[in-house]
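Asker: Here's a sequence, model it:
(chains A, B and C)
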Amino acid sequence: MTNNILVLFDIVLIVTLLLLAWQVLASEDIFSGVVLFISFGLLMALAWVRLRAPDVALAEAALGAGLTGPLFLSALRRMTRIHKGERRLDTDEERGDG
Amino acid sequence: MKIRTKNRQKWQPSLLPLLLLFVTGLTALLAQVIYVLPTGGSGLSGEVAQLQKQSGVSSPVTAVLMNFRGYDTLLEVMVLLLAVIGAWSLTKAPLSGKNDHPSPVLVTAVRLLAPLLCLVAMYLVWQGGHEAGGAFQGGALLGGAGVLMLVADLPLMQKIPARSFRLGLLLGPIVFLAVALFCLVMGGELLAYPQRWVASLLLLIETACAVSIGLALASLFAGGRPPDDLLDKENPAVPYGEKKP
Amino acid sequence: MIANTLYNLCGLLLFAMGLFALFACSHPLRKILAVNIMSTGVFQILVATAYRPVGAGAIDPVPHAMVLTGIVVSVSVTALVLVLACRVQETSNLSLLRKGRKIKEPKERAG
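Answerer: Purely as a prediction, here's the structure:
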């Protein structure tokens, strides 16, 4: 009985992971893709726990979701600012404009 | 200064089914290979359990990570340092510094969370000896605290003195390398910890690596050179191709 | 052993999706996301081969250590590649956000 419930949990988790990965890669807006990537990392931490790997779960939750997500968001913001022309080469900042 | 580059070629739409075919074929091949892999059996858990007492820690994963495959961990800490060096050599950190009135909610939340994160990080490093945890998890939490402080525009990178910042970045690799060379001198092999001190040496390495990993991750989030006097006054950093002011 | 097979399959599908998106998407951020998903799939296959059910013995800790190392290396490489992508956009005249469009002239040019 418990085994069946665990298998059901596994199937639901895996289907959710695959759907999330699909949306990360195929969504229209890159910002929503990155946010979904963060939640993908958190669900992956659940999958690591289910696979009896608590060290990997801790590392994935902290690094994969908690650090790679903000890295992407920061890079996206930088690219948007460059695209809008608010920020050119870093020589502008070195010349004291920033 | 503009560098003109050609327009990138758009991915030909007619090649997309070919790509799909290729990926499907590769997936089928990989599925066949993975299916053939032997499941069950004990893997290496028997050998690890046998040598657990000599490894100095009670958690099997930490024993493998720091003791049995310690060379991989040494190189991995170097890789993190290399990524920081690469990011620093590319651009200055885009710290705005113009935000004189950050949101009070954000600042209060960071002030509450950052010390807690440091505390939990220290606990995780300690816990790595006997349960899940270790240097990387603790270092990742420290990096998260650094990220929070950078997001709230708290002057993390300016307040830490420049030399101490760089020393903190180097602490992990240097301590690890020093212990490895010490073991070479004492026992005759790299990273062959002497049996009397193995537990303390591992704790020393893990603490140093956690600090170093936290600082490295925060630097990577900042995304460039820190604006400090080591680079600006003594040695003005000039981008490639420009004349010196 | 069914958990083993399920997670092996999941890792494989993640790898396949990431590989497809790596070639098919044109935006560099999406390519980097695809590479991250590919590496997550590979880690899942590694840990799934190390899994033993609760009663059937101890888990194999060596793939866990490999995956830990892999996660840290993947994060550092992602960070470096993101800085590179921003730098490419800064120094080239093209905007990477819209395919092929030039960056608008900023209203005030420094210097």
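Asker: give the contact list for residue 61.
Answerer: Since no chain was named, I'll use chain A. A:Gly41, A:Leu42, A:Ala45 (C-beta atoms under 8 Å, 6 or more residues apart in numbering or on different chains). C-beta coordinates here come from the backbone N, C-alpha and C atoms, glycine included.
Asker: that answer is for a different chain, and I need it for chain C
Answerer: So C:Pro61 contacts B:Leu44, B:Ser45, B:Val48, B:Pro60, B:Val61, B:Ala63, B:Val64, C:Ala50 (C-beta under 8 Å, 6+ apart).
Asker: So for it, what's the nearest residue that isn't a sequence neighbour?
Answerer: B:Pro60 (4.1 Å; C-beta to C-beta, 6 or more residues apart in numbering or on different chains).
Asker: how near is B:Gly133 to B:Tyr193?
Answerer: 20 Å (C-beta to C-beta, to the nearest Å).
Asker: Same question for B:Pro102.
Answerer: 47 Å.
Asker: And these two? Which one has more around it.
Answerer: B:Tyr193 (25 against 13; other C-beta atoms under 10 Å in any protein chain shown).
Asker: Surely that one touches B:Leu202?
Answerer: Yes. Between B:Tyr193 and B:Leu202 there is a contact under C-beta atoms under 8 Å: 7.4 Å.
Asker: Now the common contact residues for those two.
Answerer: B:Gly56, B:Asn67.
Asker: Where does the prediction get shaky in chain B?
Answerer: Within chain B, the set of residues satisfying pLDDT under 70 comprises B:1-13, B:40-41, B:95-100, B:156-158, B:228-245.
Asker: and if we set it to 50?
Answerer: Applying pLDDT under 50 to chain B flags the ranges B:1-10, B:234-244.
Asker: Contact partners for B:Pro102?
Answerer: Contact analysis of B:Pro102 by C-beta under 8 Å, 6+ apart lists B:Ala152, B:Asp153.
Asker: Surely B:Gly133 is in a helix?
Answerer: No. Applying DSSP: H, G, I helix; E, B strand; the rest coil, one finds B:Gly133 to be coil, outside a helix.
Asker: so what's residue 39 up against?
Answerer: Let's take chain A. By C-beta under 8 Å, 6+ apart, the neighbours of A:Ser39 are A:Leu20, A:Ala65.
Asker: let's do chain C instead
Answerer: Residues counted as contacts of C:Ser39 (C-beta under 8 Å, 6+ apart) are C:Gly70, C:Ser74.
Asker: and the helix or strand where it lies, what's its mean pLDDT?
Answerer: For C:Ser39, the host element (DSSP states H and E) is helix C:28-49. Helix C:28-49 comes out with an average pLDDT of 94.
Asker: thinking again about what came up before, could you dump the contacts of A:Ala61 into a markdown table and include secondary structure?
Answerer: Listed next are these as a markdown table, based on three-state DSSP:
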| residue | secondary structure |
| --- | --- |
| A:Gly41 | helix |
| A:Leu42 | helix |
| A:Ala45 | helix |
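Asker: Restricted to buried residues, select those residues in ChimeraX.
Answerer: Command for ChimeraX that selects the buried part of the contacts of A:Ala61, burial taken from 16 or more other C-beta atoms under 10 Å in any protein chain shown:
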select /A:41,45
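Asker: Just the local confidence number for A:Trp93, please.
Answerer: One thing to correct before we go on: residue A:93 is Glu, not Trp. 42.
Asker: Pull up the gap between B:Ala162 and chain A, please.
Answerer: Distance, B:Ala162 to chain A, by C-beta to the nearest C-beta, to the nearest Å: 17 Å.
Asker: That residue is in contact with B:Pro226, isn't it?
Answerer: Yes. Taking C-beta under 8 Å as the definition, B:Ala162 is a contact partner of B:Pro226 at 7.2 Å.
Asker: Checking the residue nearest to B:Gln137 when sequence neighbours are not counted next. Helix, strand or coil?
Answerer: Distances taken as C-beta to C-beta, 6+ apart put A:Leu58 closest to B:Gln137, at 4.3 Å, once the chain neighbours are dropped. Per three-state DSSP, the secondary structure class of A:Leu58 is helix.
Asker: and A:Leu58, how many neighbours?
Answerer: Residues near A:Leu58, counting by other C-beta under 10 Å: 25.
Asker: Name the single longest helix found in chain C.
Answerer: helix C:61-91 (DSSP state H).
Asker: buried ones in it?
Answerer: C:61-87, C:89-91.
Asker: Please report phi then psi for the residue in chain C that chain B sits nearest to.
Answerer: Proximity of chain C to chain B (C-beta to the nearest C-beta) peaks at C:Asp60, 3.2 Å away. Taking degrees, to the nearest 10, you get phi -90, psi 120 for the backbone angles of C:Asp60.
Asker: Tell me how many other residues crowd it.
Answerer: The number of residues near C:Asp60, taken as other C-beta under 10 Å, comes to 22.
Asker: which residues of the chain score low on pLDDT?
Answerer: Unless you meant another one, I'm taking chain A. A:89-98.
Asker: wrong one, I was asking about chain C
Answerer: Judged by pLDDT under 50, the stretches of chain C that qualify are C:106-111.
Asker: center of it, which residue is that?
Answerer: C:Asn36 (0.8 Å; C-alpha atoms, centre = their mean).
Asker: pretty sure that residue is touching C:Val81, no?
Answerer: No. Using C-beta under 8 Å, C:Asn36 makes no contact with C:Val81, being 10.1 Å away.
Asker: Can you give me every residue that contacts the residue nearest to the centre of chain C?
Answerer: C:Asn36 neighbours (C-beta under 8 Å, 6+ apart): A:Phe37, A:Gly64, A:Thr68, C:Gly18, C:Ser74, C:Thr78.
Asker: Return the set of buried residues in stretch C:32-43.
Answerer: Using 16+ other C-beta under 10 Å as the test for burial, stretch C:32-43 gives C:Ile32, C:Leu33, C:Ala34, C:Val35, C:Asn36, C:Ile37, C:Met38, C:Ser39, C:Thr40, C:Gly41, C:Val42, C:Phe43.
Asker: contacting residues around A:Leu63?
Answerer: Counting by C-beta under 8 Å, 6+ apart, A:Leu63 has contacts B:Phe136, B:Ala140, B:Gly143, B:Leu217, C:Ile71, C:Val72, C:Val75.
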